[in-house]
Every structure is written in structure tokens, then in C-alpha cells.
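> A predicted structure for the sequence below; I have some questions about it.
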Amino acid sequence: MIWLATALAWPAAAFAQSPGGKASPPAVNPGRPTVTDPASLTAPGWLETEFGGQDNWDRGELWSTPVVFKLTMKNQRVEYRLSSDGLLIVPHGADAIGNTYLAGEYLFRDQQHFGWDLTARYTLTLPTAPSGFGSRKVDHAILLLASRDFAHSHHGDVTAHVDLNMGVADLARQSAGGRDTELLGTASFTFPLPGGRWQYTNELVYQSPIAGQRSQVTTMHGVSYAVHAWDVYDVALQWQLHGDGPVWQLLFGRTFFLGRLF
């Protein structure tokens, strides 16, 4: 796990304000540690990275190291995403690399003019995971996202942030022929804590049943800490209220910039 610790400790000092007055990077736009993603896009031209670890505590212990790369175009309307489940580590078993995901997202409305950020995302799943970890078939998903900041009426400070996601996925069955349609509904609520660097987030997620799997309902409670506006760490505990997956999951990770591409 040395490489995981190295990635989480990747130095951000190179982005600090220089003596010559070079501007610092903009703020990152973390989607971690929640399943719910923000509808707002990342800073255009900056290659933003989310990286972390996820540990299933029961029902088949499994470590995974998900990673996401995000890049928004100059028009500030289109964001491209490359992500992976990362390395899948099974204690006393064979490790593997998980599936890979290609996605494109388009911003229809922004909250500055409309009150809410509204986007739509299409995701293509490439079956890079071996049998036993995936279906070995291509999957498709469409996600609608909405986000809004709620600010103090007098001071203008953000007092709460809300992210809502609704999606539908076309999924191949892992151990049988045919495909399933899975519905997804999520909501997360984030509250800044005193001091300006800490935030608390909670989330509720619903996934509809598919062949061989009951519907799932999970909740998550997590905190994040901003070392800088462009360097944010997080840790969370996810609890499954209903379903067949792990009851408890520990999540931790980091969101930061790899650099500016244009």
C-alpha cells in the first residue's frame, strides 16, 4: 500500500503563491467521498484528480483504490472524466484491476443565472476487471445532476450545499445472460464547519433491484479538510440500511490538481 500513501501525500507546495506573485490555483470541486456528484464543473484547463481507498468491513472484505481524472474545456460547459475502480485487493485472494469508466458531462444551467447548476452525464463502462469482479461486458449510464449553494442573506457566506443525482444504467448480468435496468437516486448535504477548512457531509443513496440483488439504501457521514482550496482530504463511514452489499464501508481520499493543461 506504499503507492497509495504516496499518492495521498503528493506535495501541493508547487501550487503555492510564489514570491513573484504567481496566482494560486482555483478551488477544486470534490465529488468525494459521496456517491453523489456535484453538478458544478471543475476549473477549466486544470486536470483535477480524486484518489482514495475504500474498505469493506464485512460480507466479503475488499479493498479498492478508486481514482478519477476530470478536465473541463475552455467553454466551461463540457467536462471529460476518466476513472477506474483501481486496484482491487482481496485478503488471502487474487488481486485485480477494476473496471474503467469514460464519461462526458454537459452544463445546461448555472446557479448564477438560474439558481441551480444543472448537468447531464453519460458514462461508458469498459470491462477491464476480470471475471469475478465484473460482467466482462460494456455498460451504459445516464445521470442528471443538480447542485445549489445556500448562503447567509446578510454576509453571503455559504451555509449549506446540496447535490441531487438521478440516473439510469443499462447493466450486463455477471453470471447469466441478459441485461438489467438499474435506477439511482441520491442526495447529499454539506455544511461548512467553523474555521473555514472543515466540512461535514451526509448522504442518502437508493439503487433499484436487479437480477440476483435486492434494492440498496445506504447513508454516509463524512468530513473533509482543505489544506488549501486546491488540496482537500476526506474520510467517511458508509452504512447500508438495506441490501446485499457490505453493511459498513470506510472511505478516505484526496482531491487535488495534477497541473494546468491549458
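Right, received. Where do you want to start?

> once you drop chain neighbours, what's closest to the residue most central in space within the chain?
The C-alpha lying nearest the average C-alpha coordinate of the chain belongs to residue 31 (CA atoms, centre = their mean; 3.8 Å). Nearest residue to residue 31 in three dimensions, chain neighbours excluded: residue 37, at 4.2 Å (CB to CB, 6 or more residues apart in numbering). For glycine as for every other residue, the C-beta is placed from the backbone atoms N, C-alpha and C.

> doesn't the one you found lie inside a strand?
No - Residue 37 is assigned coil when assessed by DSSP: H, G, I helix; E, B strand; the rest coil, not a strand.

> list the contacts of it.
Going by CB atoms under 8 Å, 6 or more residues apart in numbering, residue 37 touches 31, 121, 143, 145, 163, 165.

> mind listing the helices in the stretch 1-150 of the chain by residue range?
For the stretch 1-150 of the chain, the helices defined by DSSP state H, counting those that start in this stretch cover 2-8, 111-114.

> go through these and find the least confident stretch.
Lowest mean pLDDT within the helices of the stretch 1-150 of the chain: helix 2-8, a mean of 55.

> follow-up on the earlier one: mind checking how far the residue nearest to residue 31 is from residue 120?
12 Å (CB to CB, to the nearest Å).

> what touches both of the two?
Residues touching both residue 37 and residue 120 (CB under 8 Å, 6+ apart): 143, 145.

> hey, what's residue 49 bridged with?
On the basis of DSSP bridges, residue 49 is bridged to residue 69, residue 256.

> what count of nearby residues applies to it?
Residues lying near residue 49 (other CB atoms under 10 Å) number 19.

> got it, and residue 68?
Neighbour count for residue 68, taken as other CB under 10 Å: 22.

> from what I see, residue 107 and residue 116 are in contact.
No - at 11.1 Å, residue 107 does not count as touching residue 116 under the criterion of CB atoms under 8 Å.
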